[in-house]
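> build me a model:
(chains A and B)
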Protein chains: 2
Amino acid sequence: MDVINYMQETGQQAREAARILVNTDTSTKNNALLHIADVLLERADWLKTENAKDLVAGRDKGLDAAMLDRLTLTDKTIAGMAEGVRQVATLADPVGTITDLAYRPSGIQVGKMRVPLGVVGIIYESRPNVTVDAAALCLKSGNATILRGGSEAIHSNQAIASCVRAGLEAAGLPTACVQVVETTDRTAVGELLRMPQYVDVIVPRGGKSLIERVSAESRIPVIKHLDGICHVYIDDQADMDKAIRVALNAKTHRYGVCNAMETLLVAEAVAAEVLPPLAEQYTAKGVELRGCERTRAILPACIAASEEDWSTEYLAPILSIRIVADMAVAISHINHYGSHHTDAIITENYTRARAFLRQVDSSSVMVNASTRFADGFEYGLGAEIGISTDKIHARGPVGLEGLTSQKFVVLGDGHIRQ
Amino acid sequence: MDVINYMQETGQQAREAARILVNTDTSTKNNALLHIADVLLERADWLKTENAKDLVAGRDKGLDAAMLDRLTLTDKTIAGMAEGVRQVATLADPVGTITDLAYRPSGIQVGKMRVPLGVVGIIYESRPNVTVDAAALCLKSGNATILRGGSEAIHSNQAIASCVRAGLEAAGLPTACVQVVETTDRTAVGELLRMPQYVDVIVPRGGKSLIERVSAESRIPVIKHLDGICHVYIDDQADMDKAIRVALNAKTHRYGVCNAMETLLVAEAVAAEVLPPLAEQYTAKGVELRGCERTRAILPACIAASEEDWSTEYLAPILSIRIVADMAVAISHINHYGSHHTDAIITENYTRARAFLRQVDSSSVMVNASTRFADGFEYGLGAEIGISTDKIHARGPVGLEGLTSQKFVVLGDGHIRQ
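Alright, predicted model coming up:
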């Protein structure tokens, strides 16, 4: 297979499909999504058979249990995929929405219309459900998609792709609206990142090394986040019940997720009050605590944190704790060591809450709420294609709107520029 | 001078200044802008003296009259710069604006807050007024700026930079909020494009070759447009008075601008009616006409257009004309040959107007209005840092809002994720 030629053709077909999708009405797109959900369920047994090929190869390659688990398709995960696609069908279609249409002194009316980005390239690792989740969001937002999954899921992804194609055909849409790259040759990824004429944006989903490689190589804008080093700062004017509730939830609700707290900052005036009961509950849940010197003076069982701890995303039951003089020091710590993902203050003080919201430079900034809320579904976006910690285009959870752009529309009555 | 080291230091200082600017209140920013305007006027004679050095060097280098004209500072252009800065001070500050704050089923409130991008790099050619225009817009939107002007304007730009610094100091802001690169060494540009740790977005202003070079080399997102191949399509249901008025204005109001019409498309049913009176007026204004075969059958004096004409931005009194069967063909022509900048339909037909707005894939799409309206001031953005024909981040004229991003803000009352 001539991979470069294959990718160029894939890109060209995606661009052509995007030209059709931009003008496809909402009901046709919804119809395609509902058909895709149906086909996934109808072909569940075949999907599991194809998936089994990947699982056998994965065991032979020595993939660990966690990776095999993420790779496995069951009746339940297939039903979940179908349900996810149906939910995307229920979301409002952002394409064509006109906002801010207003008269100007010249007499023209000027507004903005939401339009698809065009072609979205998705590069992802093992979970096969990304294939259909991402395809559904892109389709609903009027974008064509080129998906490139991990080699360990090639049979599963191709099987899912054929279900998606069947759904598209049933709705009268070109199958090139969603293309899943058929080769596991890594040249394909490099080529995908170098086709700005065919691809408008790249969304990498997976581990940090994948995202770093994609960002470094891409000649196309990338929507991404690298780390989720999230903080909760307990202010000396915090309500202590809320502080303990939120700090526990932010760390222990789930460990391996990007919006979990990794560092707890505590105002020195309340450290001796709040840390002992918190530490007891963390320890009961098996969370390892690593603290600054002042923290260890209060919690003798706590391990000493190193400088490196402040910039580490554990994704594990480990928490670093630092006692700070006041909110200003906490904000400096967050802006310096954090990853601009999600950070929260716990305070009853109005002025500090207001200042924290303004001064913390992160994609989500919270008052008296758990960092675990940083999520497209919780924010009301319906679903998310990813989370961005960049500032260009989209910041925070990226849903349908993040997969669109806005063009200006101008309405006149024969108006000319004087 | 160690240019790489110098640019790294410039970048670092810009990043530090940006951290201060993000939290600077509106009145301090306005105060700085008003001081800058005052200093420009106070030092007008000195600015002209410095500018004269560039003009002498420019004449020695053989710059043509048009370039020397764009380079020249007069009392009038200096007053214009000062007035432009004062106008930016009157614009609403977008930073900190919270929108869409709404309760979610979980009980949290989620909204979006506008925040500066951080550090904006501007790379531009001869016009020294860009130095202060761009600096003013970036300052008002809370961004630090690194400006790199053309070598032919080095004395003028440095003189303007010193006025800007004096204004910043008078308002108590760090001078690193606006830095104008002091070296004409071209290595500086390459370095500026490769400092994503210090620069968040690049805005190139100048000719196509500059913009192509910047886009190809940059490792940082670029806000740009390459071409302005704008169209007016006269539909067979157009009001002929409006059609003639708009088609004349779009071409002849100014020739050397990106939003001037370059190709006129005419529905065949009305070509014989509308083209002769239009051609007469174009010819009276000295516009050269290049037409398709059918156009030439109606206008025998018209030169034959080549395939290349349809994708040429003349920026001159030249117009290509094509007769098309209907709106569908016109839209195909525009999406194929155009540059996705600004395109207009002239029609009284409601359904076609609606379809044209949706189907034309350009940064500005107009009904019954001259393409010359595609401009930040005309759109009510106050001023523009440039026009983008890209789809990521900003599309069309880019004003203060395009120099900002949005972060999510979440307000809770001790809410945790269940």
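> what sits against the residue located most distally from the centre of chain A?
Largest separation from the mean C-alpha position in chain A: residue A:418, at 47.3 Å (Cα atoms, centre = their mean). By Cβ atoms under 8 Å, 6 or more residues apart in numbering or on different chains, the residues touching residue A:418 are residue A:106. (Glycine included, C-beta is placed from N, CA and C.)
> how much space between it and residue B:164?
32 Å (Cβ to Cβ, to the nearest Å).
> list the buried residues for the helix or strand harbouring residue A:334?
Applying DSSP states H and E as the criterion places residue A:334 in helix A:327-337. Buried residues in helix A:327-337, defined by neighbour count with 16 or more other Cβ atoms under 10 Å in any protein chain shown: A:327, A:329-331, A:333-335, A:337.
> ditto for stretch A:402-418
Result for stretch A:402-418 [16+ other Cβ under 10 Å]: buried residues A:402-412, A:414-417.
> for the stretch 101-250 of chain A, which residues score under the pLDDT cut-off?
Residue ranges of the stretch 101-250 of chain A with pLDDT under 70: none are present.
> kindly report the residues of it close to chain B.
By the rule Cβ under 8 Å from any Cβ of the partner chain, the part of the stretch 101-250 of chain A lying against chain B is A:102, A:104, A:106, A:108, A:110, A:113, A:115, A:117-118, A:200-201, A:221, A:239, A:241-242, A:245-246, A:248-250.
> in helices, which of those fall?
Members of those lying in helices (criterion: DSSP state H): A:241-242, A:245-246, A:248-250.
> ChimeraX command to pick out the buried ones of the residues you listed?
The buried residues among these can be selected in ChimeraX (16+ other Cβ under 10 Å) with this line:
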select /A:242,245,246,248,249,250
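> most widely separated two among the ones in helices among the residues of the stretch 101-250 of chain A next to chain B?
For those, the farthest-apart pair by Cβ to Cβ is A:241 and A:250; their separation is 14.9 Å.
> ok, residue A:28 touching residue A:172?
Yes. Between residue A:28 and residue A:172 there is a contact at 6.9 Å, judged by Cβ atoms under 8 Å.
> neighbour count winner among the two?
Between residue A:28 and residue A:172, counted using other Cβ atoms under 10 Å in any protein chain shown, the more crowded position is residue A:28 (13 against 10).
> which residues touch the more buried one?
A:171-173.
> run the last query once more with 10 Å
A:21, A:171-173 (Cβ atoms under 10 Å, 6 or more residues apart in numbering or on different chains).
> so it: helix, strand or coil?
Classification of residue A:28 by DSSP: H, G, I helix; E, B strand; the rest coil places it in helix.
> what are the phi and psi values at residue A:317?
phi -70, psi 60 (degrees, to the nearest 10).
> against residue B:68, how distant is the residue nearest to it when sequence neighbours are not counted?
Spatial nearest neighbour of residue A:317, chain neighbours left out: residue A:287 (4.5 Å); criterion: Cβ to Cβ, 6 or more residues apart in numbering or on different chains. Per Cβ to Cβ, residue A:287 is found 70 Å from residue B:68.
> which of those two has more neighbours?
For residue A:287 versus residue B:68, neighbours defined as other Cβ under 10 Å are more numerous around residue A:287 (19 against 15).
> check the gap between that one and residue B:263 for me.
Counting by Cβ to Cβ, the gap from residue A:287 to residue B:263 is 66 Å.
> likewise residue A:180?
Relative to residue B:263, residue A:180 is positioned 39 Å away (criterion: Cβ to Cβ).
> who has more neighbours out of those two?
residue B:263 (27 against 22).
> in contact with the more buried one, which residues?
Counted by Cβ under 10 Å, 6+ apart, residue B:263 has contacts B:229-233, B:251, B:290, B:305, B:309-314, B:319-322, B:333-334, B:337-338, B:343.
> pairing partners for the top strand by length along chain A, with directions?
For chain A, the longest strand by residue count, based on DSSP state E, is strand A:404-415. The strands beside strand A:404-415 in its sheet (DSSP bridges) come out as strand A:109-116 (antiparallel), strand B:364-369 (parallel).
> mean neighbour count and distance to residue A:128 for those - can I get that in a markdown table?
Shown next, in a markdown table, are these (neighbours: other Cβ atoms under 10 Å in any protein chain shown; distance: least, Cβ to Cβ, whole Å):
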| stretch | mean neighbour count | distance to residue A:128 |
| --- | --- | --- |
| strand A:109-116 | 21 | 25 |
| strand B:364-369 | 27 | 40 |
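> let's see the distance spanning stretch A:248-258 from one end to the other.
End-to-end span of stretch A:248-258 (Cα to Cα, to the nearest Å): 16 Å.
> in that stretch, what's buried?
Buried-residue list, stretch A:248-258, by 16+ other Cβ under 10 Å: A:248-253, A:258.
> and chain B, is the strand or helix carrying residue A:86 touching that?
Using DSSP H and E, residue A:86 sits within helix A:75-90. No. Helix A:75-90 stays clear of chain B (Cβ under 10 Å from any Cβ of the partner chain), getting no nearer than 14.7 Å.
> what helices and strands are in contact with that helix?
Using 3 or more Cβ pairs under 10 Å, 6 or more residues apart in numbering or on different chains; DSSP states H and E as the contact test, the elements touching helix A:75-90 are helix A:26-42, helix A:44-61, helix A:129-140, helix A:154-170.
> for it, buried residues please.
A:77-78, A:80-82, A:84-86, A:88-89.
> could the residues you listed go into TSV alongside pLDDT?
TSV is the format used below for the buried residues of helix A:75-90 (pLDDT from 0 to 100):
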residue	pLDDT
A:77	94
A:78	96
A:80	94
A:81	95
A:82	96
A:84	93
A:85	96
A:86	96
A:88	96
A:89	97
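> turn the strands paired with strand A:404-415 into JSON lines, columns for distance to residue A:390.
Output for the strands paired with strand A:404-415, formatted as JSON lines (distance: least, Cβ to Cβ, whole Å):
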{"stretch": "strand A:109-116", "distance to residue A:390": "20"}
{"stretch": "strand B:364-369", "distance to residue A:390": "26"}
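> which one of those lies nearest to residue A:275?
Nearest to residue A:275 among the strands paired with strand A:404-415 is strand A:109-116; the distance by Cβ to Cβ comes to 47.9 Å.
> partners of the next helix or strand after that closest one in the sheet?
Once strand A:109-116 ends, the next helix or strand along the chain (criterion: DSSP H and E) is strand A:119-124. Applying DSSP bridges, strand A:119-124 is found paired with strand A:144-148 (parallel), strand A:201-205 (parallel).
> between the ones you listed, which gets nearest to residue B:152?
Per Cβ to Cβ, nearest to residue B:152 of these: strand A:201-205, 36.9 Å.
> relative to helix A:129-140, how tilted is the closest one?
If you take axes from the mean of the first three to the mean of the last three Cα atoms, to 10 degrees, strand A:201-205 sits at 150 degrees to helix A:129-140.
> wait, doesn't residue A:140 sit right on residue A:120?
No. Counting by Cβ atoms under 10 Å, residue A:140 does not reach residue A:120; the two are 11.8 Å apart.
> where do the contact lists of those two overlap?
residue A:403.
> excluding its backbone neighbours, what's nearest residue A:117?
That would be residue A:200: by Cβ to Cβ, 6+ apart, it lies 4.6 Å from residue A:117.
> number of nearby residues for the one you found?
Neighbourhood size, residue A:200 [other Cβ under 10 Å]: 24.
> that one touches residue A:120, doesn't it?
Yes. Using Cβ under 10 Å, residue A:200 is in contact with residue A:120, at 6.9 Å.
> what's the overlap in contacts for those two?
Residues touching both residue A:200 and residue A:120 comprise A:14, A:18, A:143-144, A:220, A:403, with contact defined as Cβ under 10 Å, 6+ apart.
> who wins for neighbours among these?
Highest neighbour count within the shared contacts of residue A:200 and residue A:120: residue A:144, with 32 neighbours (other Cβ under 10 Å).
> got a list of what that one touches?
Residue A:144 neighbours (Cβ under 10 Å, 6+ apart): A:11, A:13-22, A:116-121, A:135, A:138, A:174, A:176-179, A:198-200.
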